[in-house]
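> Using only what follows, build the 3D model:
(2 chains)
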Protein chains: 2
Amino acid sequence: MRKLYHFPLSVASRKVRLALAEKKIEFESVIEKPWEKRREFIALNLSGELPVLKEASGLIVAEGYAILEYLEEAYKELPLLPDEPAKRVEVRRLISWFDQKFAREVSDKLVYEKVFKKAYGRGWADTSIIREGHANIKYHLAYIGWLAERRQWLAGEELSLADLTAAAHLSALAYLGDVPWDKYGGAKDWYARIKSRPSFRSLLVDQVPGTPPAKWYHDLDF
Amino acid sequence: MRKLYHFPLSVASRKVRLALAEKKIEFESVIEKPWEKRREFIALNLSGELPVLKEASGLIVAEGYAILEYLEEAYKELPLLPDEPAKRVEVRRLISWFDQKFAREVSDKLVYEKVFKKAYGRGWADTSIIREGHANIKYHLAYIGWLAERRQWLAGEELSLADLTAAAHLSALAYLGDVPWDKYGGAKDWYARIKSRPSFRSLLVDQVPGTPPAKWYHDLDF
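Residues are numbered from 1 along each chain as shown, chains lettered A, B, ... in the order given. Coordinates of the predicted model:
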């Protein structure tokens, strides 16, 4: 059986879980705490980063980027990248927007500071960094709203990896109660649509010991 | 004519320049200083990140990751990704290794601290961060040597995007004189091979005003 090594609050893990579910590819879930640096896990991915997909054939696919591109190439049904070059380019531009810019300006300042920093034994959350994350998320929510008002989904008329990437970041932040949805109606409408998809169900029941989800995390009417 | 907006010491820009040269795709070079946030440049890529490729057709491809995947799909001759899934997975794992782990542990601590931090007006280089970068580069050079002793190129028997990604990082660091090659013979042999390729020539004549290259930067016998 295919296995996915992941952790509930790892953004890259969430993205791959959403992609597998959208593509209706079944997998066995293995919760991995990357800070424990388990020997068997490091043998799967020397960098120690999540997620890692192990196919039934034994093929090991490590790192979120490699897994997503692999899934698109190996499982062509239910594609999450459009066919046309200009549309693919737009999806991948937005993947970079969220995985680099949004990560640096928001997710690293909130999810890393609040969850992983302590787990890795690198000290306590820095409240000034958390404040920066809260300030930065606002213009990103405005941008999501701007996109979602002009297109059916973030990169165009079809749901794509761009939506799943954005949703992976925002759902981890929503778990922590760090998304001021009410002031950003456009972003909220988009998130409500993606949150109600069947692919989201397993994420909404995530529970991290010691870090319970925020009050509205599960609710489809949030 | 195709244009590439780039900056000599931007690692992502170097990677795309190497890929274009390996694939023998001609382009007009436009040096862009991203910290100036030129309006015409932000119109090409809202994130303000380099590089951006503008095709003769008008198609704009922004962000290093999107450009590289686009080039592989649009220009299939002289491929930089192998055909077999297991080999593609290994190339992309190593791209993540260098663009995420190596970037975080080494390039961001040296190239960003020494060059971009000041240019963006975010203060002076922090010597304790630079020391961390110098400490961290050692085990990465050992890993490159370990790979290069077991394979013709980093990801297997063919030159690939994994080599170009690693070389983009290391050449920016070599420009700054921050690579202790002499203690890492395996990594040095690999770099000497890639440095002598025609695709490297334009990088070796880079000159950044105010930041001249280190003494051995141009030399093929370094």
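
> wait, isn't A:Ala21 in contact with A:Ser202?
Yes. Counting by CB atoms under 8 Å, A:Ala21 touches A:Ser202, with 6.7 Å between them. All C-beta atoms are positioned from the backbone trio N, CA, C, and that covers glycine.

> Counting neighbours, go ahead and name the busier of these two.
Neighbour count, other CB atoms under 10 Å in any protein chain shown: between A:Ala21 and A:Ser202, A:Ala21 has more, with 19 against 15.

> helix or strand for that one, which one?
Element membership of A:Ala21, judged by DSSP states H and E, is helix A:11-22.

> So for that helix, mean pLDDT?
Taken as a whole, helix A:11-22 has an average pLDDT of 98.

> Now tell me what touches that helix from outside.
Helix A:11-22 is contacted from outside by A:4, A:6-8, A:26-27, A:49-51, A:53, A:63-64, A:67-68, A:71, A:78, A:80, A:99, A:103, A:107, A:111, A:159, A:161, A:164-165, A:167-169, A:171-172, A:197-203, using CB atoms under 8 Å, 6 or more residues apart in numbering or on different chains.

> can we see that at 7 Å?
With CB atoms under 7 Å, 6 or more residues apart in numbering or on different chains as the test, helix A:11-22 has contacts from A:4, A:6-7, A:27, A:50-51, A:53, A:64, A:67-68, A:71, A:78, A:80, A:107, A:111, A:161, A:164-165, A:167-169, A:171-172, A:199, A:202-203.

> List only buried entries from those residues.
Neighbour-count burial (16 or more other CB atoms under 10 Å in any protein chain shown) applied to those gives A:4, A:6-7, A:27, A:50-51, A:53, A:64, A:67-68, A:71, A:80, A:107, A:111, A:161, A:164-165, A:167-169, A:171-172, A:199, A:203.

> Narrow these to those in helices?
When these are checked against helices (DSSP state H), the matches are A:64, A:67-68, A:71, A:161, A:164-165, A:167-169, A:171-172, A:203.

> Relative to chain B, how far out is the nearest residue to A:Phe116 once chain neighbours are set aside?
The shortest distance from A:Phe116 to any non-neighbouring residue, by CB to CB, 6 or more residues apart in numbering or on different chains, is to A:Trp35 (7.2 Å). According to CB to the nearest CB, to the nearest Å, A:Trp35 stands 15 Å off from chain B.

> before we move on, what about A:Pro213?
In terms of CB to the nearest CB, A:Pro213 sits 27 Å off from chain B.

> so that residue touches A:Tyr175, yeah?
Yes. Between A:Pro213 and A:Tyr175 a contact is recorded at 4.8 Å, counting by CB atoms under 7 Å.

> which residues are common contacts for the two?
Residues touching both A:Pro213 and A:Tyr175 by CB under 7 Å, 6+ apart: A:Asp206.

> Just give me the residue closest to the centre of chain A.
A:Ala168 (2.1 Å; CA atoms, centre = their mean).

> Next up, the contacts around that residue.
With contacts defined as CB under 7 Å, 6+ apart, A:Ala168 is in contact with A:Val11, A:Arg14, A:Lys15, A:Leu18.

> Tabulate the residues you listed (a markdown table), appending distance to B:Lys138 and neighbour count.
What follows is these, written out as a markdown table (distance: CB to CB, whole Å; neighbours: other CB atoms under 10 Å in any protein chain shown):
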| residue | distance to B:Lys138 | neighbour count |
| --- | --- | --- |
| A:Val11 | 30 | 25 |
| A:Arg14 | 34 | 29 |
| A:Lys15 | 32 | 28 |
| A:Leu18 | 38 | 24 |
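
> With distance to B:Arg88 added, can I get those residues in a markdown table?
Output for the contacts of A:Ala168, formatted as a markdown table (distance: CB to CB, whole Å):
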| residue | distance to B:Arg88 |
| --- | --- |
| A:Val11 | 23 |
| A:Arg14 | 23 |
| A:Lys15 | 19 |
| A:Leu18 | 22 |
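
> Say whether chain B is contacted by the longest helix seen in chain A.
Scanning chain A for the longest helix, with DSSP H as the assignment, gives helix A:127-150. No. Judged by CB under 7 Å from any CB of the partner chain, helix A:127-150 and chain B are separated, with a smallest distance of 8.0 Å.

> which parts of that helix are buried?
Judged by neighbour count (16+ other CB under 10 Å), helix A:127-150 contains these buried residues: A:Glu132, A:Gly133, A:Asn136, A:Ile137, A:His140, A:Leu141, A:Tyr143, A:Ile144, A:Gly145, A:Leu147, A:Ala148.

> List the contacts of stretch A:99-112.
Stretch A:99-112 has contacts (CB under 7 Å, 6+ apart) with A:9, A:11, A:129-130, A:132-133, A:136-137, A:140, A:165, A:169, A:172-173, A:176, A:178, B:47.

> Quick check: most distant residue from the centroid of chain A.
Ranked by distance from the centre of chain A (CA atoms, centre = their mean), the top residue is A:Ser57, with 26.0 Å.

> Let's test this: what are the backbone torsions at that residue?
phi -70, psi -10 (degrees, to the nearest 10).

> Repeat that for A:Pro34.
Dihedral pair for A:Pro34: phi -60, psi -30, per degrees, to the nearest 10.

> Flag every residue of chain A that's near chain B.
A:47, A:59, A:61-63, A:65-66, A:69-70, A:73-74, A:85-86, A:88-89, A:92-93, A:96-97, A:101.
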